[in-house]
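Trainee: mind looking at a prediction? Sequence and model below.
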Amino acid sequence: MLGEHVELLGNLGGSVRQGGVVSPYPSARERVSDEAISRPAIDWEQRYRRTVIIGDTVATAFVVAAIGNVFGARDAANWHEKWGILAFGTELLVLGALAVSRSWAPAVLGQGAEEFRRLGRSLFAATVVLALGGIALTSRNIKLWIFVAIPAIALVTIPARYLLRLWLHKQRKEGRCLRPVLAAGSLATVRDLITRTRKFPHLGWRVDAVCTTDGPLLDGEQLDGVPVVGRLADVASHVRRDGYRVVAVTPDPHWSPDRLQRLAWNLEGSDAEMVVAPVLMEVAGPRLHVDAVLGIPLLRVSMPTFTGGRRAVKGVVDRIGATFLLVLFAPLMAFVALLVMVDSRGGAFYRQRRVGKDGREFTILKFRTMVSGADRARADLADRNEGAGLLFKLRRDPRVTRVGAVLRRYSIDELPQLLNVLTGSMSLVGPRPPLPEESAAYGPDIRRRLLVKPGLTGLWQISGRSDLSWEEAVRLDLRYVEDWSLALDTVILWKTLRAVVYGQGAY
């Protein structure tokens, strides 16, 4: 997931500057001459931030006013004393919490789960303060604002933020609203960064220039269409002159701790954010922390959580969500079952053994999408396998029925797995459940996929499904196992809807 890679880089960028070491050199702000060009903050960033702030303010004011008018009208005589003060106080609390938690920071707006995580924390903090204030003031009306007003504010602000994000991503796909990046590192790692930023423009990075160990060997030298402007030692001078917004430091033997620190000092006073790619391990999300110990910035990686309170919450959410979805889709599932039996001879459901948490086998349920006896015909098709790694896949599998092709394209065949979620053998979100023969061929590293329950959907589902290579599918599953969080589950569930609607990578 490039989104987590680039988001991780952004989250770590500030830590290089905040290592707790006092620089013995004058700051860049003191050194930059009047001739140096320092590009101001990009206009679109400020406009987008202002739009988000205005949107949150208007949404909060609208909800507060609506609740006040509806319920306060019953007690118009005491509006100012009871309702007016509570309405004004609630709005101030929510907006204040958003500001304190840095929910409007440009670094988190428009990408990743952190934006919505901070929004949720802000509303929760406002709820706690409001409840404590209501208890202190012995207000009888405080419950309305706690249990109605703030949830209503969340129901308005979260979709509004998401719509703004969709607009921003559309602009970025058209080449606008991008941060100019100066990439500095080895040719291989910089090339990889250029490829990833072009593949995922919604992340907001555009590599405009490159610095390498040797710099340009010829005038006008380019790396994948991006000009090579200098050597690694020249990064700061190019930033001050050309005003790049991000300096992406990728792995290269040149980058010693001393040189990275000097680069951070030299960038002080510019508008550039320095981000450094950690190369020792591929970990992101809530497990990654930056601590200053004895004046040394250290990257601390907490242990992954496979048990405990958060896992218990996940189990409760799984069962509640599965129950709700089964009730919601019951008419559709009955109709699909009828279509399957009418289209070809056989039952409506297909049962198959899969491997779940800790290697325990269970029976998975799906709508039947192939002709009866399809398993026996698999050996005859082995030489036509198009699947990656241990997977067996055919884009045009002759065993798939007409109805089955439609069910597979939109993942409708997987709806019966909600029963597996309800009974506890699967989760709503998790790694793909492997076949026993696949699991038997796993090495020790891939076997870590079995440390958690398999999921109805997961990172593989929203990242291309059958179009993914075996290595990429494994990497995504391991990333989920290591970096799981409730916020990540929420994002995956939301993005699954879009992947299903467009039928991305399904066959």
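Mentor: Thanks, I have it. Numbering: from 1, shown residues only.
Trainee: where does the stretch 151-300 of the chain have low pLDDT?
Mentor: Counting by pLDDT under 70, the stretch 151-300 of the chain contains low-confidence ranges at 278-300.
Trainee: strands of the chain, start to end?
Mentor: Taking DSSP state E as the test, the strands found in the chain are 179-184, 205-212, 222-223, 226-231, 246-249, 273-276, 288-293, 296-301, 349-355, 361-367, 427-429, 455-457.
Trainee: may I have the first one as PDB, with CA atoms only?
Mentor: Spelled out, that is strand 179-184. Taking Å, rounded to 0.1, in the frame of the first residue of the first chain, the C-alpha atoms of strand 179-184 are listed here in PDB:
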ATOM      1  CA  ARG A 179       3.000  19.000  -3.700                       C
ATOM      2  CA  PRO A 180       6.300  19.400  -5.600                       C
ATOM      3  CA  VAL A 181       8.800  16.900  -4.300                       C
ATOM      4  CA  LEU A 182      12.600  16.800  -4.500                       C
ATOM      5  CA  ALA A 183      13.700  13.100  -4.100                       C
ATOM      6  CA  ALA A 184      17.200  12.500  -2.900                       C
END
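Trainee: from the chain's centre, how far out does that strand sit?
Mentor: Mean C-alpha position of strand 179-184 versus that of the full chain (C-alpha atoms, centre = their mean, to the nearest Å) differs by 22 Å.
Trainee: what's the answer for the fourth one, then?
Mentor: Averaging C-alpha positions (C-alpha atoms, centre = their mean) puts strand 226-231 31 Å from its chain's average.
Trainee: now the angle from that strand to strand 205-212?
Mentor: The directions of strand 226-231 and strand 205-212 differ by 40 degrees, with axes from the mean of the first three to the mean of the last three C-alpha atoms, to 10 degrees as the criterion.
Trainee: what strands line up against strand 226-231, and which way round?
Mentor: strand 205-212 (parallel), strand 222-223 (antiparallel) (DSSP bridges).
Trainee: that strand to strand 179-184, inter-axis angle?
Mentor: Using the same axes, to 10 degrees, strand 226-231 lies at 50 degrees relative to strand 179-184.
Trainee: and if you look at the longest one?
Mentor: An angle of 20 degrees separates the directions of strand 205-212 and strand 179-184 when computed by the same axes, to 10 degrees.
Trainee: contacts for strand 205-212 next, please.
Mentor: 6, 175, 178-187, 190, 193-194, 197, 223, 226-232, 234-235, 238, 242, 244, 246, 248, 252 (C-beta atoms under 8 Å, 6 or more residues apart in numbering). C-betas here are computed from N, CA, C, even on glycine.
Trainee: now it - C-alpha only, CSV.
Mentor: Backbone C-alpha positions of strand 205-212 (Å, rounded to 0.1, in the frame of the first residue of the first chain) are rendered in CSV as follows:
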residue,chain,number,x,y,z
TRP,A,205,3.0,14.0,-4.3
ARG,A,206,4.7,14.9,-7.6
VAL,A,207,8.4,14.3,-7.9
ASP,A,208,9.7,17.3,-9.8
ALA,A,209,13.4,16.9,-9.3
VAL,A,210,16.0,14.3,-8.3
CYS,A,211,19.3,14.5,-6.5
THR,A,212,21.6,11.5,-6.6
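Trainee: can you give me the helices for the stretch 301-450 of the chain?
Mentor: All helices of the stretch 301-450 of the chain, identified by DSSP state H, counting those that start in this stretch, fall at 309-343, 402-409, 417-423, 436-440.
Trainee: deepest-packed of those helices, please.
Mentor: Sort these by mean neighbour count, taking mean count of other C-beta atoms under 10 Å, and helix 417-423 sits at the top with a mean of 20.
Trainee: packing partners of it?
Mentor: With contacts defined as 3 or more C-beta pairs under 8 Å, 6 or more residues apart in numbering; DSSP states H and E, helix 417-423 has these neighbours: helix 309-343, strand 361-367, strand 455-457.
Trainee: for the second one, packing partners?
Mentor: Contacting strand 361-367 under the criterion 3+ C-beta pairs under 8 Å, 6+ apart are the following elements: helix 309-343, strand 349-355, helix 417-423.
Trainee: closest one to residue 496 among these?
Mentor: Residue 496 lies closest to helix 309-343 among the helices and strands packed on strand 361-367, at 11.8 Å (C-beta to C-beta).
Trainee: now the angle between helix 402-409 and that closest one, please.
Mentor: Angle, helix 309-343 to helix 402-409, by the same axes, to 10 degrees: 160 degrees.
Trainee: elements contacting helix 309-343?
Mentor: Helices and strands touching helix 309-343, as assessed by 3+ C-beta pairs under 8 Å, 6+ apart, comprise strand 361-367, helix 402-409, helix 417-423, strand 427-429, helix 486-502.
Trainee: need the helices of the stretch 301-450 of the chain in a markdown table with mean pLDDT and distance to residue 129, can you?
Mentor: Below are the helices of the stretch 301-450 of the chain laid out as a markdown table (pLDDT from 0 to 100; distance: least, C-beta to C-beta, whole Å):
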| stretch | mean pLDDT | distance to residue 129 |
| --- | --- | --- |
| helix 309-343 | 92 | 23 |
| helix 402-409 | 88 | 49 |
| helix 417-423 | 95 | 36 |
| helix 436-440 | 86 | 49 |
